[in-house]
Each structure stands twice: as C-alpha cells, then as structure tokens.
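**Student:** model the following, please.
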Amino acid sequence: MLARNISRAGQSLLKSRLPTTSFPISNVCKISSFSIQNSIRYASTKVKVPDMAESITEGTLASFNKEVGDFINQDELLATIETDKIDVEVNAPVSGTIKTLLVEPDSTVEVGQEIAEIEEGGEAPAKEESKEEKPKEDKSKEDKSKEEPKEEKKPEQPKEEKKPEPKKEEPSKPKKEDKPKPKKEETKKESSSSPSFTNFSRNEERVKMNRMRLRIAERLKESQNTAASLTTFNEVDMSNLMDMRKLYKDEFLEKTGIKLGFMGAFSKAACLAAKDIPAVNASIENNDTLVFRDYTDISIAVATPKGLVTPIVRNAESRSILGIEEEIAALGKKARDGKLTLEDMTGGTFTISNGGVFGSLYGTPIINMPQTAVLGLHGVKQRPVTVNGQIVSRPMMYLALTYDHRVLDGREAVTFLKTIKELIEDPRKMLLLE
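**Tutor:** Residues are numbered from 1 along each chain as shown. Below is the predicted model of the structure:
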C-alpha cells in the first residue's frame, strides 16, 4: 500500500539519494513498513505499593509471583508485602507482560513506591503452549536422525583407540593432581582442630526476622517496660462446663458446623465480670487520662506460622456464648489462611490467651498494650481436690490474670478473676446476669 501512495517525484528523490547500485523501490517500501510495525509499542503501567493503613507506611517485599517476561492478567497476584500486622497482596492493575521488576525481594518498600512495570497487551501463555508443542515433535525427529549417524560412526572407534598412547607420555598431570590432595587434608585438619566437644553436628543457621516477628518483639518489650505488670492466679473446676459441652456440642455442630469449645464461655464470663470491675476494660491515654468503655472488644490470641496474632471479637458483651464461638471460629480460619485484615486486628480492650490447647499447665501472659489486662487459660487436668470434705478427682484448670497495676488495684483484679471462676463453675449464672 505504501508503494502505491509514493508519488513519482518521491521516487525520483529516492533514486537520487540511493547508491548507484540497483536497489528496487519495492524493497524500500518493505523496509519502511517493517520499521513502522516494529516502532509500535504498547503502553506501560507502573505498579505501586498500595495504601495499607494510616499507621503503616512501609513493609518488606516478601516475594514476586511472576518474573520478567511473564504474562499477567488484571487483578492477578503480582507480589506480597509483609507488614507489622498482616501480609498485603499487590495485584496487577492491567493485563500484559512484565517488563521490569524494580525492587528486589526482602527489601523495604514504602506506600506509593514503584515496584514493577507492566507492558499492556500481548498474549496469554495458553496460546504459546500450542506453538511450543510443534518444535518438540521436530526435536524428536531430529534426535532420531542424530542417533542414526552415531551408530554408523561406531566402526570408526577402533581408529581412535590408537590415540591413548601419547596421553601416557604426560606424567606431569597426575603429579600435579597429587599436590592439591594434601591441601584438602590440611583444611580438614583445620576444621577438626577447632574446639569440638561432641561428635555430633554443631552447625548454626541465621534467619532474618520477618516484620511481624519484629513488631511482636517490640510490643512485648514495650509492655514490660511501660506497664506495672502483676499476675494473680486461681483455679477453676471445669466439671459443669464440660458436662454442658457434652450435652450440646453435637447439636451445635449440626446447626453451625462449628465445634463448641471453651473460649465462648470464658469470653462471656469476662464480659460479665467486667461490668462489676470496669477498670479491667479501661486504658491509659496520654499518660494522665483513663478511658472507660461500655463495650468489650476481646482480642483472641491465635498462633500462626509467622507469629501470634490477636483478631478481635467486637461487642462480645452483646453476643451469646454460641455467637462468640462462631465469630472466634471465623477469625481463626482467616488467621490460618492468612486472610486477616487490619480491621480484624485494630483495637481490642481485653485479651484472652488459651495456651492450654498446646499443653500449657501454668504461665504468666504479657499485657497487650495499651490494654490493661490479659486472661491466660491453661490445660485441663484431672487433679485431686476436696469437695464437701471428700477428696475427689476433678478436671481442673489454672487461670492467670496479668494486669497493669497503674489502672487496676489488687483487690479489683482478684475479684474479677474470682467472678470468672464462679461463672465457669456454674454456667447457668451467665444466663441470669445477661
């Protein structure tokens, strides 16, 4: 088409500027059309770190899910960023081919920073698979054709067997090989000469702490340095609560698909006890102001592969025991799947940590700042106790309440824990106090 549009005057100019050698105008047109096609480039889009939360401005780029040259669909996962609380997923804003990755894994990135560039357009890899299948067949044919001449060259091998004679004339090579051997022995001796106390492995491995682990360490140390922590203990007879659980767990499982545990009952007992001791649910603000609340947002400690997280059951005081259990089960699943959001963990007025599920018998939990108290639950064990003058075996659990003595007095803390004990030992009371 370009050749038809070129005028005669243009052709004469081209002829005058071209070398004396014959060069057809049609070839010039082909070159120009080829350069025009190659000059077309797709628009590129920069991928930036998304806004995460007001309190989070940076994170660590954990990994890229794609490499340079890979095709990525719109909204497909491109990278994962670790923050102090959760993992943030970065999805592709457009479909196209990844042109460059601007950041290396394990590096710190800030909100709004460019981490990759995507060239829009291109084809999905599904279309390329059909193209790649054809050369595989050709390669198989080529391999067969290559195998045939190799078989024909076999009779020529005896001619090559005459050549090992000059190789025997090189005695210097084995001598040189003998020299490095003592060096290797020397290195072994050096390692063995280092102080060794056992015949077992004493290797060490150093792994960089992820952001969540670092943040947990900072907050725990901040809690120890800030709060006037004190722990009070009690023990609770779990007989009645366990009997109630046996009666209704199958019915609850059929209706909701969730196993009935102990966390719902303890959460409800803590909410009712906090009505009598409101300071348990309070916090210090600006070092000189106490904030009292008429609601209870309970942080439930959940263990994940990356560390301990505390999703929140909001308005637990307004929920039933079964309603709290349903919410705890939903939050626990989100935590294990890595789907927790910042909203799931922001806030919290009181924390319950159940170390008993891991076999803990006794322990002192650390306050989750800026909260005032944390309740620690432990394992249920059959122990001999005295009931009405008789020594009997009962399922017993130790309770631990760590509290900030700046907010909560000892009398109030002991009363709070004693109220929880009474409500758990007779769960029917919780229906009367709602």
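
**Student:** give me the contact list for stretch 249-259.
**Tutor:** By CB atoms under 8 Å, 6 or more residues apart in numbering, the list of residues contacting stretch 249-259 from outside reads 260, 322, 325-326, 329. To be clear about C-beta, it is placed using only N, CA and C from the backbone, and glycine gets the same treatment.

**Student:** hmm, I was thinking of stretch 335-346
**Tutor:** Residues beyond stretch 335-346 that count as contacts (CB under 8 Å, 6+ apart) turn out to be 52-53, 56, 85-87, 299, 302, 304, 309-312, 331, 334.

**Student:** and the residue lying closest to Gly359 once chain neighbours are set aside, what is it in contact with?
**Tutor:** Take Gly359 and drop its neighbours on the chain: the residue closest to it by CB to CB, 6 or more residues apart in numbering is Gly379, 5.8 Å away. Gly379 makes contact with 355-356, 359-361, 397, according to CB under 8 Å, 6+ apart.

**Student:** and Val103, by the same measure?
**Tutor:** In this structure, Val103 makes contact with 61, 109, 113, 115-116, judged by CB under 8 Å, 6+ apart.

**Student:** follow-up on the earlier one: now the contacts of Gly379: which count as buried?
**Tutor:** In terms of neighbour count (16 or more other CB atoms under 10 Å), the buried residues within the contacts of Gly379 are 355-356, 360, 397.

**Student:** which of those lies closest to Ile366?
**Tutor:** Out of these, the one with the shortest distance to Ile366 is Gly355. That distance is 11.9 Å, counting by CB to CB.

**Student:** next one: the closest one from Gly376, what distance?
**Tutor:** From Gly355 across to Gly376, the span is 6 Å (CB to CB, to the nearest Å).

**Student:** which neighbours do these two share?
**Tutor:** Contacts common to Gly355 and Gly376, judged by CB under 8 Å, 6+ apart, are 363, 365.

**Student:** sorry, back to before: which one of the contacts of stretch 335-346 is nearest to Pro278?
**Tutor:** For the contacts of stretch 335-346, the minimum distance to Pro278 (CB to CB) is 17.8 Å, reached by Ser299.

**Student:** which strand residues bridge that closest one?
**Tutor:** For Ser299, the beta-bridge assignment (DSSP bridges) gives partners Ile312, Thr351.

**Student:** check the one 4 residues further on too.
**Tutor:** Following DSSP bridges, Ala303 is listed with bridge partners Leu308.

**Student:** how about the helices of the stretch 251-400 of the chain, start to end?
**Tutor:** Assigned by DSSP state H, counting those that start in this stretch, the helices in the stretch 251-400 of the chain fall at 263-276, 321-336, 342-345.

**Student:** relative to His405, which of those is closest?
**Tutor:** Comparison of the helices of the stretch 251-400 of the chain against His405 by CB to CB identifies helix 263-276 as nearest, at 17.5 Å.

**Student:** tell me the angle of that closest one relative to helix 321-336?
**Tutor:** An angle of 110 degrees separates the directions of helix 263-276 and helix 321-336 when computed by axes from the mean of the first three to the mean of the last three CA atoms, to 10 degrees.

**Student:** for Val407, which non-adjacent residue is spatially closest?
**Tutor:** Take Val407 and drop its neighbours on the chain: the residue closest to it by CB to CB, 6+ apart is Thr372, 4.6 Å away.

**Student:** list the contacts of that neighbour.
**Tutor:** Remark: with contacts taken as CB under 8 Å, 6+ apart, Thr372 is in contact with 279-284, 350, 403-404, 407-408.

**Student:** next: Val291.
**Tutor:** Residues counted as contacts of Val291 (CB under 8 Å, 6+ apart) are 282-285.

**Student:** can you list the domain ranges for the protein.
**Tutor:** Structural domains of the chain, as assigned by automatic domain parsing, span the residue ranges 2-34, 44-120, 212-433.

**Student:** just put those domains in TSV and tack on mean pLDDT and distance to Phe200.
**Tutor:** TSV is the format used below for those (pLDDT from 0 to 100; distance: least, CB to CB, whole Å):
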stretch	mean pLDDT	distance to Phe200
domain 2-34	48	69
domain 44-120	85	32
domain 212-433	92	28
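
**Student:** make a markdown table out of these and add distance to Arg206.
**Tutor:** As requested, these are arranged in a markdown table below (distance: least, CB to CB, whole Å):
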| stretch | distance to Arg206 |
| --- | --- |
| domain 2-34 | 55 |
| domain 44-120 | 14 |
| domain 212-433 | 14 |
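
**Student:** is it possible to mark the buried ones in the contacts of Val291?
**Tutor:** For the contacts of Val291, burial is judged from neighbour counts taken by 16+ other CB under 10 Å, and it is met by 282-284.

**Student:** from those, pick the one nearest Met212.
**Tutor:** Of all the buried ones among the contacts of Val291, the one with the least separation from Met212 (CB to CB) is Ser283, at 23.2 Å.

**Student:** isn't the closest one up against Gly347?
**Tutor:** No: Ser283 lies out of contact with Gly347 (CB atoms under 8 Å); the separation is 10.6 Å.

**Student:** on that earlier part again, which of the contacts of Val103 count as buried?
**Tutor:** 61, 109, 115-116.

**Student:** which of these fall within helices?
**Tutor:** Using DSSP state H to define helices, no part of these is located there.

**Student:** which residue is the nearest non-sequential neighbour of Val68?
**Tutor:** Ile98 (5.4 Å).

**Student:** give me the beta-bridge partners of Lys48?
**Tutor:** Beta bridges link Lys48 to Glu114 when assigned by DSSP bridges.

**Student:** okay but it is in contact with Glu117, surely?
**Tutor:** No: proximity of Lys48 to Glu117 does not meet the contact threshold set by CB under 8 Å, at 10.6 Å.

**Student:** quick revisit: could you dump the helices of the stretch 251-400 of the chain into TSV and include distance to Thr415 and mean neighbour count?
**Tutor:** Compiled in TSV, the helices of the stretch 251-400 of the chain are given as follows (distance: least, CB to CB, whole Å; neighbours: other CB atoms under 10 Å):
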stretch	distance to Thr415	mean neighbour count
helix 263-276	7	22
helix 321-336	22	18
helix 342-345	30	16
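
**Student:** contacting residues around Ser201?
**Tutor:** Listed by CB under 8 Å, 6+ apart, Ser201 has no contact partners.

**Student:** which SSE is it in?
**Tutor:** According to DSSP states H and E, Ser201 maps onto no helix or strand at all.

**Student:** if I look at it, what pLDDT would I see?
**Tutor:** Among the per-residue scores, Ser201 holds a pLDDT of 87.
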